[in-house]
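Participant: Sequence first, predicted model second:
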Amino acid sequence: MKAITTPIIPITQTFAKVEASHKPNYEAICIFAATGFFLEGDSYYLDQKVLQPGTSYQLDPNGVIKSEKSYFKWHHTPRDISFTTALDEFTDLFEDIVKEQTGNNRVLLPLSGGLDSRSQAVALRYLKADVQSYSYSFAGGFKEHHISKQIAEACGFDFDGYLIPPNYLWDVLDEAANINQCYSEFTHPRQMAVLDQFKAMNGEFSLGHWGDVLFDRGIAAKDEGLTELDLIYKKVIKKGGLELANALWNSWALEGDFESYLKARIQTLLDQIEITNKSAKIRAFKSLYWAPRWTSVSLSFFQAAHPVNVPYYDDRMCQFICEIPEAYLADRKLQIAYIKKRNPKVAAIPWQDHMPFNLNTYHRNKMPYNLPYRIANKLKNETQSLLGKKYIQRNWELQFLGTANDEKLRGYIYQPDFLEFVDKEVIDKLYTQFKTTDPIFYSHPVSMLLTLSLWNKKRNL
């Protein structure tokens, strides 16, 4: 027997076998099409499962799961402590984790205009780590690296700014499929555009993934009246995802209807989380099922170049979160207070989500204080449009729009082998909607069709 114990939030997917036929799991694939990630232990095949977080397993010599037992359950038992105490505890824990993960290695730090990587930068600067930082922006889009470079300079880090070019996807698509095994779509991970540059670096990645979930409200204030099921359903369904999933479900003649099936699955998983606080329960659900099956899959693109460390994934951080009052987690309070305390210079740099304000002034991101910036930004975008330059906000715009991209896309989603797996009528309808009706809404279905096409190609080799 082989024993395997998974972390509370696994960095990688670990596959095992169950007693079932080796056939496609059509229901699971429909959920993947709707949400962009597989749910719970689902995989592409009925006889293959992904080991669940915070669980100890026994596998037989053939890799078949014989027993499993959970050793950690997300809970909500906030201690009666002051915000100052919570901040001091977070400071000590976060910096201890970063220090342990860093060791004596050179740190490769992706920086953004947000708070998660910014908090890492502050910790690494305080710990006097050897850091190579970098950032990337879309060609023709918001220059995110302008903020990142300011953070790097304030911390004294080496910095590189990369520009994500159009059309890069088709040259690296097969490699991307091999890296993530088609368990996430390919238009989100910008890392593939600069993978060669990553490989030329020396060090280990320190990544800020999941900090924005752990250190914020589990639900937005405007959504507090929704049921837990509606909250999750609203969050996980991608634009156009429901239409694609319903079309696949019907074309494969699966029993019942997709929405009822998905809602029943989600409700069952919610019922297993023994937390009454709605915000904490939603955070736990995301950490159990979203983080390991979507966020972690994206980490594989970093792992293709160097080892990765994720401070916010650490078991101790997850345990810490369960004991902190929701009021201290809401609205990024702890992270903001930490950055302001440890490095006021970094706190004074603009926060991308609240441009042009920073961590000291972001409360003013409302009328009339933000009006001058909004007018200037609108004029800038309109000028760019008049010059015939499209303002790029999403990676798929660089990869799917234009004649050359369209030819590549059609070459994959209309492959003869793929048309045996997905009805041509399904592809025709969604592709036409993307081209003629609403490219933003239908970009996800088209991207998922591309992903399924690559998976289908790989399984037929």
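Facilitator: Yep, that arrived. A quick note: this is a predicted structure, and the numbers were derived from the prediction, not measured.
Participant: how far away is the residue positioned nearest the centre of the chain from residue 260?
Facilitator: Geometric centre of the chain, nearest residue: residue 295, 3.7 Å, by C-alpha atoms, centre = their mean. Residue 295 sits 27 Å away from residue 260, going by C-beta to C-beta, to the nearest Å. Every residue, glycine included, has its C-beta placed from N, CA and C.
Participant: just residue 224 next, same as before
Facilitator: Taken as C-beta to C-beta, the span from residue 224 to residue 260 is 26 Å.
Participant: cool, residue 204 as well?
Facilitator: From residue 204 to residue 260 the distance is 45 Å (C-beta to C-beta).
Participant: The two - which one has more neighbours?
Facilitator: The neighbour count for residue 204 versus residue 260, taken as other C-beta atoms under 10 Å, is higher for residue 204 (17 against 9).
Participant: Pairing partners for the more buried one in the sheet, please.
Facilitator: As for beta bridges, residue 204 partners with residue 107 under DSSP bridges.
Participant: Contacts only, for it.
Facilitator: 102, 105, 106, 107, 108, 306, 307, 308, 309 (C-beta atoms under 8 Å, 6 or more residues apart in numbering).
Participant: Over to residue 8?
Facilitator: The contact partners of residue 8, taken as C-beta under 8 Å, 6+ apart, are 53, 54, 72, 287, 313, 315, 318, 319.
Participant: helix/strand/coil for it?
Facilitator: On the three-state scheme (DSSP: H, G, I helix; E, B strand; the rest coil), residue 8 is labelled coil.
Participant: Give me the distance between it and residue 287.
Facilitator: 8 Å.
Participant: Quick check: nearest residue in space to residue 447, chain neighbours excluded?
Facilitator: Once flanking residues are discounted, residue 447 sits nearest to residue 185: 4.5 Å by C-beta to C-beta, 6 or more residues apart in numbering.
Participant: give me the number of residues near the one you found?
Facilitator: 28.
Participant: Could you name the specific helix or strand carrying it?
Facilitator: Following DSSP states H and E, there is no helix or strand that holds residue 185.
Participant: That one against residue 36, yeah?
Facilitator: Yes. Residue 185 lies in contact with residue 36 (C-beta atoms under 8 Å); the separation is 6.0 Å.
Participant: any shared contact partners between those two?
Facilitator: What both residue 185 and residue 36 touch, as defined by C-beta under 8 Å, 6+ apart, is the set 444, 448.
Participant: Okay, helices next: where are they in the stretch 1-150 of the chain?
Facilitator: 26-35, 83-102, 116-126, 144-155 (DSSP state H, counting those that start in this stretch).
Participant: how about the strands in the stretch 301-450 of the chain?
Facilitator: With strands called from DSSP state E, counting those that start in this stretch, the stretch 301-450 of the chain shows them at 308-309.
Participant: Going along the chain, name the helices of it.
Facilitator: Under DSSP H, counting those that start in this stretch, the stretch 301-450 of the chain gives helices at 315-321, 326-329, 333-342, 344-347, 371-386, 395-400, 403-413, 416-419, 424-436, 439-459.
Participant: Relative to residue 177, which of the ones you listed is closest?
Facilitator: Among the helices of the stretch 301-450 of the chain, helix 439-459 comes nearest to residue 177, with 4.3 Å by C-beta to C-beta.
Participant: how close does residue 374 get to residue 368?
Facilitator: 10 Å.
Participant: neighbour count winner among the two?
Facilitator: Neighbours per residue, other C-beta under 10 Å: of residue 374 and residue 368, the larger number sits with residue 374, 12 against 7.
Participant: What pLDDT is listed against the more buried one?
Facilitator: Model confidence at residue 374, given as pLDDT, is 74.
Participant: what's the answer for residue 385, then?
Facilitator: Model confidence at residue 385 (pLDDT) stands at 51.
Participant: what's the answer for residue 113, then?
Facilitator: Residue 113 is given a pLDDT of 89.
Participant: What of the one 3 residues further on?
Facilitator: In the prediction, the pLDDT value recorded for residue 116 is 95.
Participant: Which residue, other than its chain neighbours, is closest to it?
Facilitator: residue 208 (3.2 Å).
Participant: again, but for residue 25
Facilitator: Residue 25 sits nearest to residue 46 (C-beta to C-beta, 6+ apart), 5.0 Å away.
Participant: What are the neighbouring residues in contact with the one you found?
Facilitator: Contact analysis of residue 46 by C-beta under 8 Å, 6+ apart lists 20, 21, 22, 23, 24, 25.
Participant: Kindly report the same for residue 270.
Facilitator: Each residue near residue 270 by C-beta under 8 Å, 6+ apart is listed here: 228, 229, 232, 281, 285.
Participant: Could you measure from the second one over to residue 425?
Facilitator: Between residue 229 and residue 425 the distance, using C-beta to C-beta, works out to 31 Å.
Participant: out of these two, which sits in the busier spot?
Facilitator: More crowded of residue 229 and residue 425, by other C-beta under 10 Å: residue 229, with 14 against 10.
Participant: For residue 236, see how far away the more buried one is.
Facilitator: 11 Å.
Participant: swap in residue 412?
Facilitator: Distance from residue 412 to residue 236, by C-beta to C-beta: 25 Å.
Participant: Between the two, point out the one with more neighbours.
Facilitator: Neighbours per residue, other C-beta under 10 Å: of residue 412 and residue 236, the larger number sits with residue 236, 21 against 18.
Participant: nearest spatial neighbour of the more buried one, skipping sequence neighbours?
Facilitator: Residue 236 sits nearest to residue 35 (C-beta to C-beta, 6+ apart), 4.5 Å away.
Participant: And residue 404, by the same measure?
Facilitator: Nearest residue to residue 404, sequence neighbours excluded (C-beta to C-beta, 6+ apart): residue 167, at 6.3 Å.
Participant: ok, how many other residues are close to that neighbour?
Facilitator: Residue 167 has 12 nearby residues by other C-beta under 10 Å.
Participant: What of residue 69?
Facilitator: 9.
Participant: OK, contacts around the closest residue to it other than its chain neighbours?
Facilitator: For residue 69, ignoring the flanking residues on the chain, the nearest one in space by C-beta to C-beta, 6+ apart is residue 56 at 5.2 Å. Going by C-beta under 8 Å, 6+ apart, residue 56 touches 3, 4, 5, 6, 68, 69, 70, 71.
Participant: who touches residue 365 in this structure?
Facilitator: 354, 357.
Participant: hang on, the earlier thing: gap between the residue nearest to residue 25 and residue 421?
Facilitator: 16 Å.
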